[in-house]
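Student: Requesting a structural model of the entry that follows:
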Amino acid sequence: MTLDRQRIVAEAVALLDAEGLDAVTTRKLAARLGVRSPTLYWHLPNKAALVTAIAEAILGEQFDELSPPEPDERWQDWLTGLAERLRRALLAHPDGARIISASQLSLKMAAISELAMSTLVARGVPLRQARVIVLTVERFTVGHVLEEQAPRPDAEALRDFDMATFAEGHPTVVAAITEYFEPGRTVDELFRECLEVVIEGAVAKAGPAS
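Tutor: Down below sits the predicted model:
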(Lines give C-alpha, C1' and ligand atoms only; values in the text may rest on other atoms or scores of the structure.)
Protein backbone atom coordinates (compact mmCIF):
# COMPACT_ATOMS: atom_id res chain seq x y z
CA MET A 1 0.00 0.00 0.00
CA THR A 2 1.30 3.44 -0.95
CA LEU A 3 2.45 5.53 1.97
CA ASP A 4 0.84 8.96 1.80
CA ARG A 5 -0.13 11.67 4.27
CA GLN A 6 -3.69 10.40 4.61
CA ARG A 7 -2.55 6.89 5.55
CA ILE A 8 0.02 8.25 8.00
CA VAL A 9 -2.55 10.42 9.77
CA ALA A 10 -5.10 7.60 9.89
CA GLU A 11 -2.53 5.33 11.51
CA ALA A 12 -1.53 8.10 13.92
CA VAL A 13 -5.18 8.46 15.02
CA ALA A 14 -5.34 4.67 15.49
CA LEU A 15 -2.20 4.82 17.63
CA LEU A 16 -3.72 7.66 19.65
CA ASP A 17 -6.88 5.62 20.24
CA ALA A 18 -4.87 2.59 21.27
CA GLU A 19 -2.27 4.15 23.55
CA GLY A 20 -2.95 7.88 24.09
CA LEU A 21 -1.06 10.99 23.05
CA ASP A 22 2.13 10.30 24.97
CA ALA A 23 2.62 7.12 22.93
CA VAL A 24 2.26 8.89 19.59
CA THR A 25 5.89 9.08 18.51
CA THR A 26 7.38 8.98 15.04
CA ARG A 27 9.25 5.81 16.04
CA LYS A 28 6.09 3.94 17.04
CA LEU A 29 4.15 5.31 14.10
CA ALA A 30 6.85 4.27 11.64
CA ALA A 31 6.90 0.77 13.16
CA ARG A 32 3.13 0.43 12.71
CA LEU A 33 3.47 1.52 9.09
CA GLY A 34 6.45 -0.75 8.44
CA VAL A 35 8.83 2.07 7.48
CA ARG A 36 11.76 3.95 8.99
CA SER A 37 11.11 7.18 10.89
CA PRO A 38 12.87 9.44 8.33
CA THR A 39 10.36 8.28 5.71
CA LEU A 40 7.57 10.04 7.62
CA TYR A 41 9.38 13.38 7.42
CA TRP A 42 8.68 13.60 3.69
CA HIS A 43 5.00 14.04 4.63
CA LEU A 44 5.13 15.48 8.17
CA PRO A 45 8.39 17.26 9.02
CA ASN A 46 8.14 17.07 12.82
CA LYS A 47 6.02 16.06 15.82
CA ALA A 48 4.20 19.41 15.84
CA ALA A 49 3.06 18.89 12.26
CA LEU A 50 1.90 15.38 13.14
CA VAL A 51 -0.14 16.62 16.12
CA THR A 52 -1.77 19.31 14.00
CA ALA A 53 -2.61 16.76 11.32
CA ILE A 54 -4.23 14.54 13.97
CA ALA A 55 -6.19 17.55 15.24
CA GLU A 56 -7.47 18.24 11.73
CA ALA A 57 -8.58 14.62 11.38
CA ILE A 58 -10.35 14.64 14.75
CA LEU A 59 -12.19 17.88 14.03
CA GLY A 60 -13.06 16.73 10.53
CA GLU A 61 -15.16 13.90 11.96
CA GLN A 62 -17.64 16.37 13.45
CA PHE A 63 -17.04 19.36 11.20
CA ASP A 64 -16.93 17.93 7.71
CA GLU A 65 -19.46 20.64 6.84
CA LEU A 66 -19.92 24.04 8.44
CA SER A 67 -23.04 26.10 8.01
CA PRO A 68 -24.45 29.23 9.67
CA PRO A 69 -27.68 29.20 11.66
CA GLU A 70 -31.05 29.19 9.98
CA PRO A 71 -32.61 32.66 9.62
CA ASP A 72 -35.05 32.03 12.49
CA GLU A 73 -32.48 30.31 14.75
CA ARG A 74 -31.03 32.23 17.69
CA TRP A 75 -27.27 32.55 17.35
CA GLN A 76 -26.98 31.64 21.03
CA ASP A 77 -28.60 28.24 20.39
CA TRP A 78 -26.52 27.73 17.25
CA LEU A 79 -23.27 28.55 19.08
CA THR A 80 -24.24 26.16 21.87
CA GLY A 81 -24.71 23.41 19.28
CA LEU A 82 -21.33 24.24 17.75
CA ALA A 83 -19.64 23.90 21.14
CA GLU A 84 -21.39 20.59 21.77
CA ARG A 85 -20.11 19.29 18.42
CA LEU A 86 -16.59 20.40 19.36
CA ARG A 87 -16.87 18.57 22.67
CA ARG A 88 -18.07 15.39 20.94
CA ALA A 89 -15.14 15.58 18.52
CA LEU A 90 -12.64 15.82 21.38
CA LEU A 91 -14.28 13.14 23.52
CA ALA A 92 -14.28 10.70 20.60
CA HIS A 93 -10.53 10.12 21.07
CA PRO A 94 -8.26 9.73 24.10
CA ASP A 95 -6.47 13.02 24.82
CA GLY A 96 -8.56 14.76 22.16
CA ALA A 97 -8.50 18.03 24.08
CA ARG A 98 -4.73 17.80 24.57
CA ILE A 99 -4.32 17.28 20.83
CA ILE A 100 -6.33 20.41 20.02
CA SER A 101 -4.50 22.43 22.68
CA ALA A 102 -1.11 21.37 21.32
CA SER A 103 -1.94 21.79 17.63
CA GLN A 104 -0.45 24.69 15.70
CA LEU A 105 -2.27 26.60 12.95
CA SER A 106 -5.24 24.23 12.72
CA LEU A 107 -7.12 25.30 9.60
CA LYS A 108 -10.25 23.45 10.71
CA MET A 109 -10.27 25.24 14.07
CA ALA A 110 -9.69 28.53 12.27
CA ALA A 111 -12.66 27.79 9.99
CA ILE A 112 -14.86 27.12 13.02
CA SER A 113 -13.78 30.41 14.61
CA GLU A 114 -14.26 32.32 11.36
CA LEU A 115 -17.80 31.05 10.89
CA ALA A 116 -18.74 31.64 14.52
CA MET A 117 -17.36 35.18 14.69
CA SER A 118 -18.76 36.20 11.30
CA THR A 119 -22.16 34.79 12.29
CA LEU A 120 -22.28 36.85 15.45
CA VAL A 121 -21.15 39.98 13.62
CA ALA A 122 -23.86 39.41 11.01
CA ARG A 123 -26.40 39.22 13.86
CA GLY A 124 -25.35 42.59 15.22
CA VAL A 125 -22.69 41.70 17.79
CA PRO A 126 -19.70 44.08 17.59
CA LEU A 127 -16.55 42.38 16.29
CA ARG A 128 -14.59 42.77 19.54
CA GLN A 129 -17.38 41.20 21.57
CA ALA A 130 -17.91 38.47 18.96
CA ARG A 131 -14.23 37.59 19.24
CA VAL A 132 -14.36 37.41 23.03
CA ILE A 133 -17.57 35.35 23.03
CA VAL A 134 -16.31 32.80 20.50
CA LEU A 135 -12.85 32.42 22.02
CA THR A 136 -14.35 32.06 25.49
CA VAL A 137 -16.77 29.36 24.32
CA GLU A 138 -14.01 27.49 22.46
CA ARG A 139 -11.55 27.65 25.35
CA PHE A 140 -14.18 26.70 27.90
CA THR A 141 -15.09 23.68 25.78
CA VAL A 142 -11.50 22.52 25.37
CA GLY A 143 -10.80 23.11 29.07
CA HIS A 144 -13.91 21.22 30.11
CA VAL A 145 -12.88 18.22 28.02
CA LEU A 146 -9.30 18.42 29.33
CA GLU A 147 -10.73 17.88 32.81
CA GLU A 148 -13.07 15.14 31.59
CA GLN A 149 -10.18 13.27 29.99
CA ALA A 150 -7.69 13.80 32.82
CA PRO A 151 -6.65 10.65 34.69
CA ARG A 152 -8.72 9.94 37.79
CA PRO A 153 -7.01 9.51 41.18
CA ASP A 154 -5.77 5.96 41.56
CA ALA A 155 -5.98 3.79 44.66
CA GLU A 156 -2.56 4.91 45.85
CA ALA A 157 -3.51 8.59 45.63
CA LEU A 158 -6.72 7.97 47.55
CA ARG A 159 -5.15 5.72 50.19
CA ASP A 160 -4.61 8.50 52.73
CA PHE A 161 -7.52 10.69 51.65
CA ASP A 162 -9.92 11.32 54.55
CA MET A 163 -13.33 11.95 52.99
CA ALA A 164 -14.98 12.73 56.32
CA THR A 165 -12.44 15.45 57.10
CA PHE A 166 -12.70 16.83 53.58
CA ALA A 167 -16.51 16.99 53.81
CA GLU A 168 -16.30 18.72 57.18
CA GLY A 169 -13.97 21.37 55.80
CA HIS A 170 -15.81 21.81 52.50
CA PRO A 171 -19.50 21.24 53.25
CA THR A 172 -20.88 23.47 50.51
CA VAL A 173 -18.71 21.90 47.83
CA VAL A 174 -19.75 18.40 48.86
CA ALA A 175 -23.43 19.38 49.07
CA ALA A 176 -23.30 20.99 45.63
CA ILE A 177 -21.63 17.98 44.01
CA THR A 178 -24.04 15.59 45.73
CA GLU A 179 -27.05 17.62 44.66
CA TYR A 180 -25.90 18.01 41.10
CA PHE A 181 -25.10 14.38 40.46
CA GLU A 182 -28.35 12.97 41.72
CA PRO A 183 -29.62 9.93 39.77
CA GLY A 184 -30.50 10.83 36.20
CA ARG A 185 -28.18 13.82 35.87
CA THR A 186 -25.23 13.64 33.50
CA VAL A 187 -21.96 15.37 32.73
CA ASP A 188 -23.55 16.42 29.41
CA GLU A 189 -26.06 18.48 31.38
CA LEU A 190 -23.29 20.02 33.46
CA PHE A 191 -21.46 21.06 30.31
CA ARG A 192 -24.58 22.59 28.77
CA GLU A 193 -25.52 24.49 31.92
CA CYS A 194 -22.02 25.91 32.26
CA LEU A 195 -22.04 26.81 28.59
CA GLU A 196 -25.34 28.64 29.00
CA VAL A 197 -23.80 30.74 31.77
CA VAL A 198 -20.89 31.62 29.48
CA ILE A 199 -23.04 32.53 26.47
CA GLU A 200 -25.92 34.24 28.26
CA GLY A 201 -23.46 36.25 30.34
CA ALA A 202 -21.78 37.34 27.14
CA VAL A 203 -25.17 38.24 25.64
CA ALA A 204 -25.99 40.42 28.62
CA LYS A 205 -22.71 42.26 28.22
CA ALA A 206 -22.98 42.56 24.44
CA GLY A 207 -26.48 43.98 24.54
CA PRO A 208 -29.48 42.97 22.41
CA ALA A 209 -28.77 40.99 19.24
CA SER A 210 -30.96 38.49 17.44
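
Student: Going by C-alpha atoms from here, please, whenever you check contacts or count neighbours.
Tutor: Noted.

Student: Identify the residue spatially nearest to residue 200, adjacent ones excluded.
Tutor: residue 76 (7.8 Å; Cα to Cα, 6 or more residues apart in numbering).

Student: and that neighbour, what element?
Tutor: Using DSSP states H and E, residue 76 sits within helix 75-91.

Student: cool, and residue 182?
Tutor: Per DSSP H and E, there is no helix or strand for residue 182.

Student: can you tell me how far it sits from residue 189?
Tutor: Distance of residue 182 to residue 189, given as Cα to Cα, to the nearest Å: 12 Å.

Student: Give me the common contacts of those two.
Tutor: Residues touching both residue 182 and residue 189 by Cα atoms under 8 Å, 6 or more residues apart in numbering: none at all.

Student: Quick check: closest non-adjacent residue to residue 149.
Tutor: Closest to residue 149 by Cα to Cα, 6+ apart is residue 95, at 6.4 Å.

Student: what's the burial count for the residue nearest to residue 200?
Tutor: The tally of other residues near residue 76 (other Cα atoms under 10 Å) stands at 18.

Student: can you pull the pLDDT of it?
Tutor: Residue 76 carries a pLDDT value of 94.

Student: Pull up the gap between it and residue 121, please.
Tutor: Going from residue 76 to residue 121 by Cα to Cα gives 13 Å.

Student: got it, and residue 178?
Tutor: Distance check for residue 178 against residue 121: by Cα to Cα, it reads 40 Å.

Student: Show me which of the two is the more surrounded one.
Tutor: Neighbours per residue, other Cα under 10 Å: of residue 178 and residue 121, the larger number sits with residue 121, 17 against 11.
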